[in-house]
Structures are given as C-alpha cells and as structure tokens.
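**Student:** just the structure for this:
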Amino acid sequence: MAAYRGRIVVAAPWSGSGKTTLTLLLLAGLKARGLRVQSFKVGPDYIDGGYHTVLTGRPARNLDLWMGGGADDALRQLIAGERGADVSVVEGVMGFFDSGAPDGVDVSTAQLARTIRAPVILVVDGSRMAESAAALVYGFMHAPTSPGIQGVILNQVAGPGHYQLLERAIRLQTGVPVLGYVPKQADLAIPERHLGLVPAVERQELARRVTAAADMASETLDWDRILRIAEAAPPLAREEAAMAVEARTGPPIPVALAQDEAFHFYYAANLELLESLGAELLPFSPLRGESIPEEARLLYAGGGFPEEFLPRFQELRSAHAGYRARLAQGLMTLAECGGYLWLAQSLGVGSDPPVPMVGVVPATMRLEPRLQAIGYRTVSARSGGPWPVHTTFRGHEFHNSRVVKAEAYAAAWSTRGRGGEGTDGYLTSTVVAGFTHLYFPSNPDAIRSLLERAAGR
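**Tutor:** The predicted model follows:
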C-alpha cells in the first residue's frame, strides 16, 4: 500500500464507550498494513499514550489546548509528531464535548478536532442498543458545537445480526457511514489499576492481546474506508511547527533522566524542549540502583509507578544512600509525582508497612485506594527555590498518593485549580518536588533559566 499523509480523531459520547480499545486496534491494524503510524492523546494524560508507544514504536504525544496556552502549541505538537509518519490516530478524552479546563477554556475532543482540522470517527457502545443508536449519532452530529462526524464504529456488538440492525438505522436516519464493528468476542477489556491503566511491565501482554484482537477485527472493520477518511484531512503548514523558543548554543548541559519501568511518565514536548535548550539527556534506572551519571548537572525524575516495585526498592538501601549523598552535594533536582514519592523517606500501599525510599524529602507517603487529586493546575514558585517567586507553569495532577506524615518543610508550589487554591511539594534551594506534572512549554524561559543555573553550579 502506498504511503500517504492523513489523520483521524477517535471520539465517543462518554468515557467507557471504547475509545482506547478502538484506538489500540486502529494502531495495530494500520501498522500491520505496512503504515508508519503516529499516535496522539487529547488532554494531559500520558498513561494511554504508553500503550500507544508499545504498539507503534513511536513516542505518543499530547495535544492539549490549555496546558500549552492554546492552538499554536497543539499544532506544533501535531506537526512535530507527524514527521516521518504515514497516518496519525488521535485518541480523544472523556465525552466528545466534555471539557475540564479552568477559566472556561474549551479543551474538548470536539474543539481539538476543529483546531487540527481532522475528521472524526465516533465510537458507539452498541451493547444495549438497537435503533436508538441512530438518535445518539444524530445528536452528536448536529450539536451546535460539533465539527461533524465522518464515520461511526460500533463497539461491543453481539454479532452480524446485531450489527446489521444498528448499521441500517444509523445509515438511514443520519447518513453517517458505519465503518464496521468490534465484536464482544474481541475480549479487550483493559485491566484497571489505581490510575486506570497498568504500568509498563504489563504493556507487552496487552500489546499481544491487542494484536490478536486486531486480527479478529480485520474482518469486521472497513479499513479502506477508514483510510480514505483519514486521507481527507487537509495538510498543515510546516512552518507552524517552529519551536516557540530560540534554541541554545554552546556546550551541552548533562541532565540525568530517571527512566525505567517505574519512571516513564514524560511529556514528549518536555524532553524535546530540554534538548532544544541545550540539555543532553542521560537516562539511568533508579529501579536497578544505577548511579546518577557523574557528569549530570540536573536530575529530572518524572512520574510513574514506583509503588508497583516496592520489594525491589527495599533492596536498594546502598543505592539510595548514594542518591542522598549526590543530592546533598547540591545537584539541581526536579521531581514530579512518582519522582516525588521516590525521594520520600518511605512509601507504603494500603495497610502494608512503608518501604524506605531515597529519604531526601522528610515525609512518609502512602497510596490510597481512591484518587487523591485530579485536574489541571496552575502552579507558582514559592520563595527559596531556583526560580523567582511567582514563576508559573501549567500542568496536571493525577494521583492516589498522599503525604501521611512529615516534618515541617517548605512547599514547592502555590497551586490553583478548579477545586481552589493550595500548596504542593517540597522545596530547597536545589530541589523542587511535588505531585504536579509540569508542562514545560507553558514556560520555556523558566526551563532555560533552570538549565543555565544548573550549568553554572
């Protein structure tokens, strides 16, 4: 099949309709047809994107209309990700028109589809419907803020007879083409954990199941028509992908990057911005007790699932002592969520005894059965850290962990979100740690300043 350029957005009436399932099937099926496939996720979540990456072999990217300040950043991320790809699949967030951003900003899948000028395929769970599915599709197609729907795929269909009933009603009452269905027998229920999806160590098993399900769906999805819909997306001007900041010249600044099965939540845009500003990323594995690279001038420890590996961390007392010593020497450090837990005195899950961690942050952390925080955040730097007071970033918070016992220490951030104002994290002159995942392109000058300060130490 000849290579081409195109993109589609996968949307749904509500969460749980099958967006992630269908996105994974499309990624696997398109790749099996010899195409280079790029994936994107609408909104701040990069857990789903981890699955995308396993299937495509290309880093998934986020398209968020709030964290980066609007359409320009979303277009930059889209175009940067599409380089070298034949087709892009964009997984939506929540329901088609749902928007959870503060300040009244529309960050819905519908608005994102308009912004990137991409055709929309609506996933409809047909398990409890017959002709009524047509009314649902008609409503989403003709809502005042709808960018339109170019196709429907039915999920959880009992069989050919059920599909024919649904397809005929939708086609006759709406005129929207039905592109096939995913049968119940595909058995692709995604395992749930405290953050909705499972960590990296279980992704390969899911990839195997997705591939098998995609083989089954190869007979029930109209792949040629799906590709034609993607191909109808208009091209985007390449100049829109220009970086929003001037690249740094001079010797590279070595940045240690905590990266392994326990720490793998990084926005692709964050890492690319670091590199454009002169950082040389040096991955190391805290889970394996690897030393922080000696030449590193900055440590960046992102999010992940350290709580899934507590027996392993319990064996790393010597490595933890080495990390404490290195940070005590003044290594500039930025830690987010999982990285914050890693730096804590100890970490526990449920009623189990806590396990000693690195011990830089004088606090005991614990994972609870329920979410402790979720949503967009604007964070402002507090006094005593590496940034001037009130330096702001936009980001996102999503975790089950909380501080259960701590000595008094300075908070890293003043925070603001839909739930009000508060504080977050731990702060010294060289360590900034907290639960909020920062989106670096929301303040590239502050990231430049951090790198320059680290390089000058």
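**Student:** so which residues of this protein form helices?
**Tutor:** Using DSSP state H, the helices of the chain run over 19-32, 47-56, 71-82, 109-116, 132-142, 160-174, 203-217, 223-231, 268-276, 310-314, 317-328, 338-343, 444-455.
**Student:** the helix or strand of the chain with the lowest mean pLDDT: which residues count as buried?
**Tutor:** Using mean pLDDT, DSSP states H and E, helix 203-217 stands out as the lowest-scoring helix or strand of the chain, at a mean of 75. For helix 203-217, the neighbour count (16 or more other C-beta atoms under 10 Å) marks 203, 206, 207, 209, 210, 211, 213, 214, 216, 217 as buried. C-beta here means a position set from N, CA and C on the backbone, and glycine is covered the same way.
**Student:** against residue 51, how distant is the fifth one?
**Tutor:** Okay, so that is residue 210. The spacing between residue 210 and residue 51, counted by C-beta to C-beta, to the nearest Å, is 8 Å.
**Student:** what about residue 384, neighbour count?
**Tutor:** Neighbours of residue 384 under the rule other C-beta atoms under 10 Å: 12.
**Student:** isn't residue 16 right up against residue 124?
**Tutor:** No. In this structure residue 16 lies outside contact range of residue 124 using C-beta atoms under 8 Å: 11.9 Å.
**Student:** who's more crowded, those two?
**Tutor:** Just comparing residue 16 and residue 124: by other C-beta under 10 Å the higher neighbour count belongs to residue 124, 25 against 12.
**Student:** specify the beta-bridge partners of the more buried one.
**Tutor:** residue 154 (DSSP bridges).
**Student:** per-residue pLDDT, it?
**Tutor:** For residue 124, the model assigns a pLDDT of 97.
**Student:** name the nearest residue to residue 162, ignoring sequence neighbours.
**Tutor:** residue 126 (6.9 Å; C-beta to C-beta, 6 or more residues apart in numbering).
**Student:** contacting residues for that neighbour?
**Tutor:** Going by C-beta atoms under 8 Å, 6 or more residues apart in numbering, residue 126 touches 133, 154, 155, 156, 157, 162, 163, 166, 181.
**Student:** same check on residue 403?
**Tutor:** Counting by C-beta under 8 Å, 6+ apart, residue 403 touches 363, 364, 365.
**Student:** what about stretch 321-332, average pLDDT?
**Tutor:** 98.
**Student:** how about that stretch as CSV, C-alpha atoms only?
**Tutor:** Output in CSV follows, covering the C-alpha atoms of stretch 321-332 (Å, rounded to 0.1, in the frame of the first residue of the first chain):
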residue,chain,number,x,y,z
ALA,A,321,22.4,6.3,50.2
GLY,A,322,24.3,7.2,47.1
TYR,A,323,21.4,9.3,45.7
ARG,A,324,21.1,11.1,49.0
ALA,A,325,24.8,11.9,49.0
ARG,A,326,24.6,13.2,45.4
LEU,A,327,21.7,15.5,46.1
ALA,A,328,23.3,16.7,49.3
GLN,A,329,26.2,17.9,47.1
GLY,A,330,23.9,20.4,45.5
LEU,A,331,22.7,18.5,42.4
MET,A,332,19.8,20.6,41.0
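**Student:** what about it, distance to the chain center?
**Tutor:** Relative to the centre of its chain, stretch 321-332 is centred 29 Å away, using C-alpha atoms, centre = their mean, to the nearest Å.
**Student:** now find how far off-centre the least confident helix or strand of the chain is within its chain.
**Tutor:** Offset of helix 203-217 from its chain centre (C-alpha atoms, centre = their mean): 21 Å.
**Student:** again with stretch 358-372
**Tutor:** With C-alpha atoms, centre = their mean, you get 22 Å for stretch 358-372.
**Student:** go on, stretch 110-124?
**Tutor:** So, by C-alpha atoms, centre = their mean, the centroid of stretch 110-124 is 18 Å from its chain's centroid.
**Student:** stretch 347-355 now?
**Tutor:** With C-alpha atoms, centre = their mean, you get 27 Å for stretch 347-355.
**Student:** contacts for it next, please.
**Tutor:** Stretch 347-355 has contacts (C-beta under 8 Å, 6+ apart) with 306-307, 310-311, 313-314, 341, 346, 357, 364-369, 401, 404.
**Student:** ok, 6 Å please
**Tutor:** 307, 310, 313, 314, 341, 346, 357, 364, 365, 366, 367 (C-beta atoms under 6 Å, 6 or more residues apart in numbering).
**Student:** contacts only, for the fifth one.
**Tutor:** Residue 341 makes contacts with 306, 347, 365, 401, as judged by C-beta under 6 Å, 6+ apart.
**Student:** any stretches of this protein with poor pLDDT?
**Tutor:** Low-confidence segments of the chain, defined by pLDDT under 70, are located at 1-4, 185-204, 237-248, 457.
**Student:** how does it divide into domains?
**Tutor:** Here the domain assignment for the chain is 7-240, 247-455, based on automatic domain parsing.
**Student:** tell me where the stretch 351-457 of the chain has strands.
**Tutor:** Taking DSSP state E, counting those that start in this stretch as the test, the strands found in the stretch 351-457 of the chain are 355-356, 361-367, 373-381, 392-399, 401-406, 413-417, 420-424, 426-427, 431-434, 437-439.
**Student:** direction included, what does the first one pair up with?
**Tutor:** Right, the one you point to is strand 355-356. strand 344-349 (antiparallel).
**Student:** the partner strand versus strand 401-406: what angle between them?
**Tutor:** Relative orientation of strand 344-349 and strand 401-406, computed by axes from the mean of the first three to the mean of the last three C-alpha atoms, to 10 degrees: 120 degrees.
**Student:** can you give me the buried ones in strand 344-349?
**Tutor:** For strand 344-349, using 16+ other C-beta under 10 Å, the buried residues are 344, 345, 346, 347, 348, 349.
**Student:** format these as a markdown table; extra columns: distance to residue 397.
**Tutor:** Output for these, formatted as a markdown table (distance: C-beta to C-beta, whole Å):
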| residue | distance to residue 397 |
| --- | --- |
| 344 | 17 |
| 345 | 22 |
| 346 | 22 |
| 347 | 18 |
| 348 | 20 |
| 349 | 19 |
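**Student:** pick out the most distant pair among those residues.
**Tutor:** Largest separation among these by C-beta to C-beta: 345 and 349, giving 15.4 Å.
**Student:** buried subset of the contacts of stretch 347-355 as a ChimeraX selection?
**Tutor:** Listed next is the ChimeraX selection for buried residues among the contacts of stretch 347-355, using 16+ other C-beta under 10 Å:
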select :307,310,313,341,346,357,364,365,366,367
